[in-house]
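Chemist: generate a structure from the sequence data that follows.
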Amino acid sequence: MDRRLNIAFVHPNLGIGGAERLVVDTALGLQRRGHRVVLYTMHHDPAHCFEETRDGTLEVRVCRTRLVPSSVCGRLHILCTILQSLALARRVATDPAQYDVLFVDQLSAPIPLLKHAHAHILFYCHFPDYLQARRDGAWRRLYRAPFDLLEELTTAEADEIAVNSRFTQEAFRAAFPRIARLPRVLMPALNLAAYDRPPDLADPALAVLRTAKRLVVSINRFERKKDVALAIDAFAALGDPTACLVVAGGWDVHVPENIEHLVELEARARGLGLRTRTVAPRGSGAAALALLPAGAVRTPTLPDDGGSGSGSSERLAETDVLFLPSFSENQRAFLLSVARCTVYTPANEHLGIVPLESMYMRVPVVAADSGGPRETVPHGVAGYLCEPASRDAFGAAIRRVLAAPDDAWAAMGAAGRERVRRDFGLDAYTARLERIVAEMLARPQAGSPVLAAMAVALVALAAAAALALARWV
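Modeler: Numbers count the residues shown, from 1 in each chain. Next up, the predicted model:
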């Protein structure tokens with residue numbers, strides 16, 4: 001694309017996760033090709049984010065509104081998030097800067113208001129929220145109904161829609177029958193240069209990860225739908241004292257499920273007779289430590305600090321499962337440089353960045369034979385795809401990787417790296433995105449003013465109805 005564009009990203013929360021990694025890498029790719037890029041978000045914590053959004057590489061603008069809480073008495077999370085997103089959309093639409101393209105993802109509700117920015121809107125659908133929300137009980141189904149309709153109406157207002165896999169494309173078609181057009185498949189990419197940088201071995205935070213044991217690594221947010229418990233169950237079934245399972249992932253003190261599920265997983269591991277250890281995120285204060293499983297230790301901050309006591313490597317030798325919430329990027333790089341196997345447990349995951357990261361770092365992957373991993377992980381070549389939710393299948397695959405001779409193991413790693421290098425590099429991804437954007441800009445802006453007004457009115461109606469229902473649900 002010869003034309004240089006002004007592009008704004010609109011993303012709810014720039015924390016640490018696969019969706020956030022996609023946004024950051026997409027922004028980096030476009031910026032390197034000469035486009036001006038700005039990221040708008042409702043929440044950005046410098047202590048819990050990707051480095052490029054913290055060190056000035058990418059421009060981040062945070063729009064918070066004190067008028068809307070994150071929930072009402074622990075309820076109405078989706079309503080509050082939508083109302084917050086409308087405040088963010090107003091900030092973008094009234095910004096003196098003029099944008100050619102708005103890249104919106106995760107939440108479609110603000111799209112009608114973003115139309116006032118007079119920019120073409122590309123909506124990136126990671127997975128329809130309609131298919132992820134709970135609907136157990138008549139009241140909850142009634143509560144969700146206006147939000148489900150709102151998601152479909154506002155998604156249709158985008159000038160172009162893209163999804164991250166063929167699996168998500170089919171799910172999108174089933175979830176939104178009123179949207180006649182089929183979204184474009186634009187599989188995410190990795191910023192390979194970032195993974196080519198070796199970890200900083202002088203980092204004292206790596207002391208808690210150094211061990212002579214063979215590491216099996218699970219990387220996922222501490223959410224129940226990620227089924228990390230399956231990794232613990234499968235590892236326990238191995239009964240291998242020469243291996244250690246590292247359960248690392250996104251953990252936010254502001255997300256109750258993260259706090260609750262980490263405690264649940266730690267208790268599950270101990271219940272299976274596994275010796276556990278939890279390492280607190282760097283910089284955790286007393287309040288954060290109180291939310292972690294009992295006995296959690298601090299991350300070392302000095303070269304001779306073993307983490308709440310000396311001898312970290314010796315203590316890890318006596319650990320079967322290490323929990324590493326909110327790990328640093330350097331810790332991630334180190335884990336992927338020494339891991340013998342990565343286990344990725346979610347079933348019907350719409351894509352999954354972790355298998356791609358692992359394959360590029362030459363680590364064989366064990367994942368569920370469903371969703372995105374079925375499209376990204378070559379079975380028997382770069383890893384193994386297993387029957388979803390099967391402890392025995394996952395355990396057998398992990399055992400097979402750990403038992404592989406070094407040359408066979410290295411061949412799997414090399415095949416995975418070549419697969420990612422060929423098909424998931426940032427340059428190729430950005431070029432595909434530019435072609436989609438060029439085609440979008442060549443068309444008149446989509447959307448009906450009437451439907452846009454209806455969508456905004458529906459938000460107000462949903463707010464009133466949800467507040468009324470909250471007394472009864």
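Chemist: report the residue ranges of every domain in the chain.
Modeler: Domains of the chain are assigned by automatic domain parsing as 6-189+427-469, 194-423.
Chemist: now render the ones you listed as CSV, adding mean neighbour count and mean pLDDT.
Modeler: (Each C-beta comes from the backbone N, C-alpha and C, glycine too.) Below are the domains of the chain laid out as CSV (neighbours: other Cβ atoms under 10 Å; pLDDT from 0 to 100):
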stretch, mean neighbour count, mean pLDDT
domain 6-189+427-469, 18, 87
domain 194-423, 19, 93
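Chemist: dump the C-alpha coordinates for the helix or strand encompassing Glu20 into PDB.
Modeler: Element membership for Glu20 (DSSP states H and E) is helix 18-32. Written as PDB, here are the backbone C-alpha positions of helix 18-32 (Å, rounded to 0.1, in the frame of the first residue of the first chain):
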ATOM      1  CA  GLY A  18      -3.700 -13.500  23.300                       C
ATOM      2  CA  ALA A  19      -6.100 -10.800  22.100                       C
ATOM      3  CA  GLU A  20      -3.800  -8.100  23.500                       C
ATOM      4  CA  ARG A  21      -0.700  -9.700  21.900                       C
ATOM      5  CA  LEU A  22      -2.600  -9.600  18.600                       C
ATOM      6  CA  VAL A  23      -3.400  -5.900  18.900                       C
ATOM      7  CA  VAL A  24       0.100  -5.000  19.900                       C
ATOM      8  CA  ASP A  25       1.700  -7.000  17.100                       C
ATOM      9  CA  THR A  26      -0.800  -5.700  14.500                       C
ATOM     10  CA  ALA A  27      -0.100  -2.100  15.600                       C
ATOM     11  CA  LEU A  28       3.700  -2.700  15.500                       C
ATOM     12  CA  GLY A  29       3.500  -4.200  12.000                       C
ATOM     13  CA  LEU A  30       1.500  -1.300  10.600                       C
ATOM     14  CA  GLN A  31       3.700   1.300  12.300                       C
ATOM     15  CA  ARG A  32       6.800  -0.300  10.800                       C
END
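Chemist: that one: what's the following helix or strand?
Modeler: Defined by DSSP H and E, the subsequent element after helix 18-32 is strand 36-43.
Chemist: so which residues make contact with the helix holding Glu20?
Modeler: Helix 18-32 is contacted from outside by 5, 7, 9, 11, 13-14, 37, 39, 49-50, 52-53, 57-58, 103, 105-106, 124, 126, 164, 188-191, 351-354, 426-427, 429-430, 433-434, using Cβ atoms under 8 Å, 6 or more residues apart in numbering.
Chemist: which of the helices or strands spans Phe103?
Modeler: strand 101-105.
Chemist: wait, Asp200 touches Glu329, no?
Modeler: No: using Cβ atoms under 8 Å, Asp200 is not in contact with Glu329; the gap is 10.0 Å.
Chemist: for Pro46, phi and psi?
Modeler: phi -60, psi -20 (degrees, to the nearest 10).
Chemist: what's the nearest residue to Arg443 if we skip its chain neighbours?
Modeler: Distances taken as Cβ to Cβ, 6 or more residues apart in numbering place Asp159 nearest to Arg443, at 7.1 Å, with adjacent residues excluded.
Chemist: that neighbour reaches Ala117, doesn't it?
Modeler: No: applying Cβ under 8 Å as the test, Asp159 and Ala117 come out as separate, 12.0 Å apart.
Chemist: ok but Gln331 is inside a helix, no?
Modeler: Yes: with DSSP: H, G, I helix; E, B strand; the rest coil as the criterion, Gln331 is part of a helix.
Chemist: distance of it relative to His254?
Modeler: As defined by Cβ to Cβ, to the nearest Å, Gln331 lies at a distance of 21 Å from His254.
Chemist: same check, this time on Arg391
Modeler: Counting by Cβ to Cβ, the gap from Arg391 to His254 is 32 Å.
Chemist: what do you get for Arg374?
Modeler: 33 Å.
Chemist: same question, Glu434
Modeler: In this structure, Glu434 and His254 are 36 Å apart, going by Cβ to Cβ.
Chemist: what sits closest to Phe167 if chain neighbours are left out?
Modeler: Spatial nearest neighbour of Phe167, excluding adjacent residues (Cβ to Cβ, 6+ apart): Gly371 at 5.0 Å.
Chemist: could you check how far that neighbour is from Leu22?
Modeler: 16 Å.
Chemist: and what of Val163?
Modeler: Taken as Cβ to Cβ, the span from Val163 to Leu22 is 12 Å.
Chemist: what touches both of those two?
Modeler: Jointly contacting Val163 and Leu22 under the rule Cβ under 8 Å, 6+ apart are 124, 126.
Chemist: which stretches of the stretch 51-200 of the chain form helices?
Modeler: 51-54, 77-93, 111-114, 138-156, 166-175, 192-196 (DSSP state H, counting those that start in this stretch).
Chemist: dump the ones you listed into JSON lines; add distance to Val208 as well.
Modeler: Supplementary listing: these in JSON lines, determined by distance: least, Cβ to Cβ, whole Å:
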{"stretch": "helix 51-54", "distance to Val208": "20"}
{"stretch": "helix 77-93", "distance to Val208": "33"}
{"stretch": "helix 111-114", "distance to Val208": "44"}
{"stretch": "helix 138-156", "distance to Val208": "41"}
{"stretch": "helix 166-175", "distance to Val208": "36"}
{"stretch": "helix 192-196", "distance to Val208": "22"}
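Chemist: OK, contacts around Thr376?
Modeler: Residues counted as contacts of Thr376 (Cβ under 8 Å, 6+ apart) are 187, 351-352, 355-356, 359, 419, 424.
Chemist: thank you, goodbye.
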